[in-house]
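1. Quick one: sequence plus predicted model below, questions after.
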Amino acid sequence: MVYVEGGSFMMGNVGYEVPEDDPNGEWLEMADGNMSYRIPFPGCGQSCFPVHKVTLSGYYIHKYETTIREYDLYTNTNDLPYIKADQRGKNPNMEPDRAVYLGVDWHAAQEYCLWLADLTGLPFDLPTEAQWEYAARSRGQAVKFATNTGDIELGVNYWDYSTGSYYSIESVGKYPPNPLDLYDMTGNANEWVRDWYSPFAYRQGSRVNPVGPPDGDRWNTRKLSRGFGRGNSDWNGNLLFRRLADEVDYSGNGFRCAIHSERPLDLLLTGEPGTPP
């Protein structure tokens with residue numbers, strides 16, 4: 001797990017800072033209250049707006065995407081069938097060290113995280129969308145990609161799509177992590193988050209520890225996924241800010257889990273008093 005210190009950031013497509021004489025720019029108030037003249041990053045639809053200030057408490061998030069090997073341990077322990085058993089030994093995407101990408105819908109991803117909660121007594125769940133974006137952007141920095149440099153260098157910090165299948169999934173952690181030490185938050189598997197999808201969430205949602213629209217909203221047949229994995233994208237698209245709305249029974253995303261508490265793990269594990277979850 002990586003601990004993500006809480007704080008405030010501008011959630012959404014913060015874009016590039018440009019000279020004030022650029023006619024395409026507009027002023028945006030940043031999380032620290034200062035004004036910045038910016039142009040949005042390309043490749044992100046209107047559901048990425050408006051850019052808005054969000055404040056988060058601290059939390060923990062998995063350094064890597066959940067692997068096939070880890071998910072097989074879960075299914076074996078709970079007498080569940082292996083995902084895509086008919087593709088084992090045939091599909092390289094199903095090798096044990098690859099990120100989960102096929103065969104796991106939103107409910108199954110959350111159930112894996114809740115299983116970790118049962119095993120450990122820690123408040124595991126999927127990360128919220130705001131937690132995911134804040135961590136991918138290394139505590140909310142105004143970067144376009146969640147790589148070590150904030151940009152993409154094919155074959156260096158991102159998959160070189162000229163060398164293999166457009167839909168291939170690689171071993172987790174193959175490329176350098178972002179500055180927060182998190183791997184594959186741009187590229188590889190797209191990742192489920194906890195929130196229901198609504199195109200109006202950024203206009204109407206909470207600004208402190210947001211969890212997305214409530215259950216029962218008219219859009220609540222779909223959950224959000226973030227990271228925009230290999231399929232349907234290329235390195236010119238905006239892989240960090242793009243939000244995908246997938247039916248809850250869609251089985252083409254990966255995931256990582258989070259611990260929803262800012263208490264030190266040793267206190268959480270021992271049950272000693274301290275900052276509440």
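-> Sure, I can see it. Residues are numbered from 1 along each chain as shown.

2. mind listing the helices for this protein?
-> In the chain, the helices defined using DSSP state H lie at 68-77, 106-120, 129-136, 201-204, 265-270.

3. packing partners for the first one?
-> With contacts defined as 3 or more CB pairs under 8 Å, 6 or more residues apart in numbering; DSSP states H and E, helix 68-77 has these neighbours: helix 106-120. To be clear about C-beta, it is placed using only N, CA and C from the backbone, and glycine gets the same treatment.

4. from the chain's centre, how far out does the helix it packs on sit?
-> Per CA atoms, centre = their mean, to the nearest Å, the displacement of helix 106-120 from the mean C-alpha position of its chain is 16 Å.

5. Tabulate the helices of the chain (TSV), appending distance to residue 48, mean pLDDT and mean neighbour count.
-> Formatted as TSV, the helices of the chain follow (distance: least, CB to CB, whole Å; pLDDT from 0 to 100; neighbours: other CB atoms under 10 Å):
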stretch	distance to residue 48	mean pLDDT	mean neighbour count
helix 68-77	30	97	17
helix 106-120	21	97	17
helix 129-136	10	96	26
helix 201-204	7	82	15
helix 265-270	33	83	13
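
6. Kindly present these as TSV, with separate columns for distance to residue 176.
-> Shown next, in TSV, are those (distance: least, CB to CB, whole Å):
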stretch	distance to residue 176
helix 68-77	22
helix 106-120	25
helix 129-136	14
helix 201-204	30
helix 265-270	25
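
7. of all these, which lies closest to residue 147?
-> helix 129-136 (9.9 Å; CB to CB).

8. elements contacting that closest one?
-> Going by 3+ CB pairs under 8 Å, 6+ apart, helix 129-136 lies up against strand 2-4, strand 7-11, strand 52-56, strand 59-61, strand 191-196, strand 222-226.

9. Tell me which of these is the most buried.
-> strand 191-196 (a mean of 26; mean count of other CB atoms under 10 Å).

10. Give me the residues contacting that one.
-> 65, 106, 109-110, 125-129, 131-132, 185, 201, 210-215, 217, 219-220, 222-227, 229, 246, 253-256 (CB atoms under 8 Å, 6 or more residues apart in numbering).

11. Could I get the contacting residues of residue 31?
-> For residue 31, the contact set (CB under 8 Å, 6+ apart) comprises 7-10, 53, 140.

12. oh, I was asking about residue 15
-> So residue 15 contacts 28, 38-41, 142 (CB under 8 Å, 6+ apart).

13. Using pLDDT, spot the least trustworthy of the residues you listed.
-> On pLDDT alone, residue 41 ranks lowest of the contacts of residue 15, at 87.

14. what about that one, how many neighbours?
-> Here the number of neighbours of residue 41 (other CB atoms under 10 Å) works out to 20.

15. any idea how far it lies from residue 130?
-> 18 Å (CB to CB, to the nearest Å).

16. okay, and for this structure, where does confidence drop off?
-> Low-confidence segments of the chain (pLDDT under 70): 164-167, 205, 216, 219, 229-239, 272-277.

17. which residues touch the nearest residue to residue 180 once chain neighbours are set aside?
-> Closest residue to residue 180 apart from its sequence neighbours, by CB to CB, 6 or more residues apart in numbering: residue 138 at 4.4 Å. By CB under 8 Å, 6+ apart, the residues touching residue 138 are 146, 178-180.

18. swap in residue 59?
-> By CB under 8 Å, 6+ apart, the contact list for residue 59 reads 3-4, 6, 127, 131, 258-262.

19. Give me the buried entries from these.
-> Those of those that meet the buried threshold are 4, 127, 131, 258-262, by 16 or more other CB atoms under 10 Å.

20. so what's residue 172 up against?
-> By CB under 8 Å, 6+ apart, residue 172 lies in contact with 64-65, 67, 97-99, 183-184, 188.

21. can you do 10 Å?
-> Counting by CB atoms under 10 Å, 6 or more residues apart in numbering, residue 172 touches 62-70, 97-100, 183-184, 188-189, 254, 256.
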